[in-house]
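Undergrad: Predicted model and sequence below, questions to follow.
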Number of protein chains: 2
Amino acid sequence: MSKSDDTRAKITETAIESFRARGYDQTTIRLIAQEADISVGNAYYYFPTKNHLVQELYLRVQGDHLERVHAAFGTSTDVAKRLEIALLCGLDATGPYHDSAAGFLAAAISPTSAVSPFGADSAGPRAMAIEVFQEVVDGSTTAIPGALKRQLPELLWLAYMGLTLFWVYDTSEGQARSRALARGASQLFGTVLPLARLPFARGPLNQLLELIRVARP
Amino acid sequence: MSKSDDTRAKITETAIESFRARGYDQTTIRLIAQEADISVGNAYYYFPTKNHLVQELYLRVQGDHLERVHAAFGTSTDVAKRLEIALLCGLDATGPYHDSAAGFLAAAISPTSAVSPFGADSAGPRAMAIEVFQEVVDGSTTAIPGALKRQLPELLWLAYMGLTLFWVYDTSEGQARSRALARGASQLFGTVLPLARLPFARGPLNQLLELIRVARP
DNA sequence: ACCTATTTTCGAACATGTTCAATATTGTTT
DNA sequence: AAACAATATTGAACATGTTCGAAAATAGGT
């Protein structure tokens, strides 16, 4: 088992390192095999698809995101502030890969892909990602209507996915626009959330929650 | 010029027909060339990329969307109702391609792809798509704050892109959930919009518009 | 009609993700 | 230790998007 684990680990490490250094497209299976001193076929013995190697990278970045968030939350108890932290830490964690983000996105977006954020194959990484936003909500002292509070982590994660999509297309220096968007959106969220408790917000809010119920099977 | 146009048209038609019948992945350049009675190299003389052929399909679907919307608007003057019509017609227009939507999506999503909805190469089709939502707004008698009204078509188009993304992943019978989402979202929009005129909505609304200003370079 | 430049067409070649049958290695049983 | 079963490993082969240099067709000018 050890030999097998070794080979697997060698492939994983080589692939991740190559993804970081060369990006998605430039990282070919043949190159990985060569650098890991194995044959092409052997790589496919452990990973059925190139995208399954991306999955490994995804996991690592996800772990990094969680770590960064934990380090940055500090004593913040305001949801909006915590959301801002979570979003910005997410951008920090993915930052090194922005140059080849397009390649990764194309690989990830297809529902049949192993790395599709919505697919079954990435239930693990996804749960990890939603966990971040669960902590955003749980660690806050802001009053949030119960029905909304339950759905919120997943909704915020979805918003984060949207931000990531924006980020991929963001060519501004250091992706400054994405950061500004993260800050602005968090702030807006902080402004709007209290309004949810006002009486005439009940109608729209219930409509929104019902909408989510329809959308989530 | 006529001979050239003929070849180009033959390729376009063959490709679109193949996309419809076989989907994205199963449509290979060699197959198109064979069915169009030309060589592979010749296809590449007219279309630098397979995705440029998808672009042609995109244009056609876009035109179909616009037609359907015109036929369906009727005498509706309510923004929410018109939005619902636009969204549902969009789903109708793309319906035939749902089976291979994943392939198309993967091809379209990369910023460097010719068919990326946000890229420069598809400025034409995109303008056409936004035009639909321009008409949603222009043909309505609903009172909308001016600053918002100006941004609305683009925002609604963005929402439509989101709906399309949901639709790609939607495996429900006839994509019923996507349709329900379209209806529900339109309705919610109709409920929320009037609230934008209330005094305390001014703050969040301005924040939102500022956010858009930041996000749009 | 002939020559030249441009446009169009061809098909072989290349790179890369993936598959597969054959071979080697390791583990288990007797 | 020998025989058998399982697990690992290999490298060639395949499909497909794309490139490229050469050949053919066409257009324009004299």
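TA: Sure, I can see it.
Undergrad: just the strands in chain A please.
TA: Using DSSP state E, chain A contains no strands.
Undergrad: Counting neighbours, what do you get for the closest residue to residue A:106 other than its chain neighbours?
TA: Distances taken as C-beta to C-beta, 6 or more residues apart in numbering or on different chains place residue B:110 nearest to residue A:106, at 4.3 Å, with adjacent residues excluded. C-betas here are computed from N, CA, C, even on glycine. By other C-beta atoms under 10 Å in any protein chain shown, the residues close to residue B:110 number 23.
Undergrad: Kindly report the same for residue A:40.
TA: Neighbours around residue A:40, by other C-beta under 10 Å: 12.
Undergrad: same thing with the one 10 residues further on?
TA: Counted with other C-beta under 10 Å, residues neighbouring residue A:50 total 19.
Undergrad: what's the pLDDT at the closest residue to it other than its chain neighbours?
TA: Of all residues not flanking residue A:50 in the chain, residue A:29 sits nearest, at 6.1 Å (C-beta to C-beta, 6+ apart). Note on residue A:29: pLDDT of 97.
Undergrad: Over to the one 4 residues further on?
TA: What the model reports as pLDDT for residue A:33 is 97.
Undergrad: swap in residue A:105?
TA: So, for residue A:105, pLDDT stands at 88.
Undergrad: rewinding a little: burial of the residue nearest to residue A:50, as a residue count?
TA: 17.
Undergrad: Roughly how far does the most centrally placed residue in chain A sit from DNA strand C?
TA: Nearest residue to the geometric centre of chain A (C-alpha atoms, centre = their mean): residue A:129, 5.5 Å. Note on residue A:129: its distance to DNA strand C, by C-beta to the nearest atom of the strand, to the nearest Å, is 24 Å.
Undergrad: swap in residue A:156?
TA: Distance from residue A:156 to DNA strand C, by C-beta to the nearest atom of the strand: 32 Å.
Undergrad: Now that residue: closest residue in space, sequence neighbours ignored.
TA: residue A:133 (4.1 Å).
Undergrad: Was I right to think the one you found contacts residue A:158?
TA: No - counting by C-beta atoms under 8 Å, residue A:133 does not reach residue A:158; the two are 9.3 Å apart.
Undergrad: out of these two, which sits in the busier spot?
TA: Remark: of residue A:133 and residue A:158, residue A:133 carries more neighbours, 24 against 16, as counted by other C-beta under 10 Å.
Undergrad: Give the full set of residues in contact with the more buried one.
TA: Residues near residue A:133 by C-beta atoms under 8 Å, 6 or more residues apart in numbering or on different chains: A:83, A:86, A:152-154, A:156-157, A:160.
Undergrad: are any of these buried, and which?
TA: A:83, A:86, A:152-153, A:156-157, A:160 (16 or more other C-beta atoms under 10 Å in any protein chain shown).
Undergrad: can you list the residues that contact the helix or strand of chain A with the lowest mean pLDDT?
TA: Within chain A, no helix or strand scores below helix A:101-109, which has a mean of 86 by mean pLDDT, DSSP states H and E. Helix A:101-109 is contacted from outside by A:23-25, A:50-51, A:54, A:58, A:94, A:97, A:113, A:115-117, A:165, A:167-168, B:105-107, B:109-113, using C-beta under 8 Å, 6+ apart.
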